[in-house]
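1. from the sequence below, what's the structure:
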Amino acid sequence: VDSFDADFFRIAPREAIHMDPEQRLILELCWEALEDAGVDIPGLVDSLTGVYMGKIWNDYGTLSHRGNTDYIQQHTATGSHYSITANRVSYFLGLQGPSMAIDSACSSSLLSVHLACQALRSGEATMAMAGGVNLIVAPDSTVNMSKFGAMAPDGRSKAFDHRANGYVRGEGAGVVVLKTLSDALAAGDPIVAVIRGSAVNNDGPSNGLTAPNPLSQQNVLRAAYKNAGIDTKDVHYVETHGTGTMLGDPIEAGALGAVLGAG
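-> This next block holds a predicted model:
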């Protein structure tokens, strides 16, 4: 994460040093994703291409500012602000579609995809890049979650296991390039997958601020399958949140059983 070709992205070294590595990584991945999709990148200038990126921690900012404020320079604000994770991509490529960072905790990246799909369907964007990034470059965020009691003391995730006692943090980033299916077919694009539909909601009232609500989880599943026009009895594969916690796992499994098991 300490390596970055600033010249390629027309960024001066004095600015690059103040950029969160998460911003650098997303710039690189967006370029690679567009190349992989066969997109004419120079042709995107002034297009309604949107950028939606999930980001939930600010480790680099925490690390940089620790102890005093002397570190803060001209480019520190743009180098550490969440929104710039997406905005910098739009600026570099000359994109005029929606551009935003999304923080909804664990669902940030998937929510980014959901919002990008909505923008494509409404015509607010003609193409979109969506994804998220998480790098652990300071101990503070890990200490936060450890003190909160969410992390597995043995450093092993045991999702949907009777020994489940917390989750394990990971690093990474991912970006997908999205178009409406009709536009992708008309352009002869390589199509990796089709998103039939999606849904989003919130737990509302539950046993606590971070406690899941079983009924809300069932409701969002039903809404997603309805939106997608998919009969639940035809679903063969599910990827789960899988928190690896005694509270979250049974509720998630129960919601899936109630919605998918019914068919």
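2. three-state assignment of residue 194?
-> Secondary structure for residue 194, judged by DSSP: H, G, I helix; E, B strand; the rest coil, is coil.
3. tell me the pLDDT of it.
-> Per-residue confidence (pLDDT) for residue 194: 97.
4. go on, residue 67?
-> The model's pLDDT for residue 67 equals 65.
5. ok, the one 4 residues further on next?
-> Confidence per residue is given as pLDDT, and for residue 71 that number is 71.
6. repeat that for residue 145.
-> For residue 145, the model assigns a pLDDT of 92.
7. with adjacent residues omitted, what lies nearest to it?
-> Leaving out its chain neighbours, the residue that sits closest to residue 145 by C-beta to C-beta, 6 or more residues apart in numbering is residue 151, at 5.2 Å. Where you see a C-beta, it was placed from the backbone N, CA and C, and this is true even at glycine.
8. what's the answer for residue 190, then?
-> In space, residue 190 is closest to residue 38, 6.2 Å off (C-beta to C-beta, 6+ apart).
9. same check on residue 92?
-> Excluding its sequence neighbours, the residue lying closest to residue 92 (C-beta to C-beta, 6+ apart) is residue 9, at 5.7 Å.
10. next, that neighbour: phi, psi?
-> phi -100, psi 10 (degrees, to the nearest 10).
11. from residue 43, how far off is residue 175?
-> Counting by C-beta to C-beta, to the nearest Å, the gap from residue 175 to residue 43 is 19 Å.
12. where does pLDDT dip in this protein?
-> The chain contains residues with pLDDT under 70 at 67, 72, 74, 77, 79.
13. can you show me the helices along it?
-> Using DSSP state H, the helices assigned to the chain run over residues 13-16, 21-36, 59-65, 76-80, 84-93, 108-122, 140-148, 181-187, 214-228, 248-260.
14. for the third one, which positions count as buried?
-> So that's helix 59-65. 59-61, 64 (16 or more other C-beta atoms under 10 Å).
15. which elements pack onto that helix?
-> helix 76-80, helix 140-148 (3 or more C-beta pairs under 8 Å, 6 or more residues apart in numbering; DSSP states H and E).
16. most packed of these?
-> Of these, the one with the most neighbours on average (mean count of other C-beta atoms under 10 Å) is helix 76-80, at a mean of 18.
17. distance between the ends of stretch 115-134?
-> Start-to-end span of stretch 115-134 (C-alpha to C-alpha, to the nearest Å) is 19 Å.
18. sorry, wrong one. I was asking about stretch 91-101.
-> Using C-alpha to C-alpha, the end-to-end distance of stretch 91-101 comes out at 14 Å.
19. ok, and what's touching that stretch?
-> 9-10, 27, 30, 41, 44-55, 82-87, 89-90, 115, 119, 124-128 (C-beta atoms under 8 Å, 6 or more residues apart in numbering).
20. now do stretch 195-202
-> Outside stretch 195-202, the residues within contact range by C-beta under 8 Å, 6+ apart are 107, 110-111, 113-114, 117, 178, 216, 219-221, 223-230.
21. filter the residues you listed to the buried ones?
-> Buried by 16+ other C-beta under 10 Å: 107, 110-111, 113-114, 117, 178, 216, 219-221, 224-225, out of the contacts of stretch 195-202.
22. which residues touch the residue most central in space within the chain?
-> With distances taken as C-alpha atoms, centre = their mean, residue 109 lies nearest the centre of the chain, 1.7 Å away. Counting by C-beta under 8 Å, 6+ apart, residue 109 touches 54, 102, 130-132, 174.
23. could you redo the last one with a cut-off of 7 Å?
-> 54, 131-132, 174 (C-beta atoms under 7 Å, 6 or more residues apart in numbering).
24. separation between it and residue 46?
-> Distance from residue 109 to residue 46, by C-beta to C-beta: 27 Å.
25. same question for residue 223.
-> 36 Å.
26. now do residue 261
-> 49 Å.
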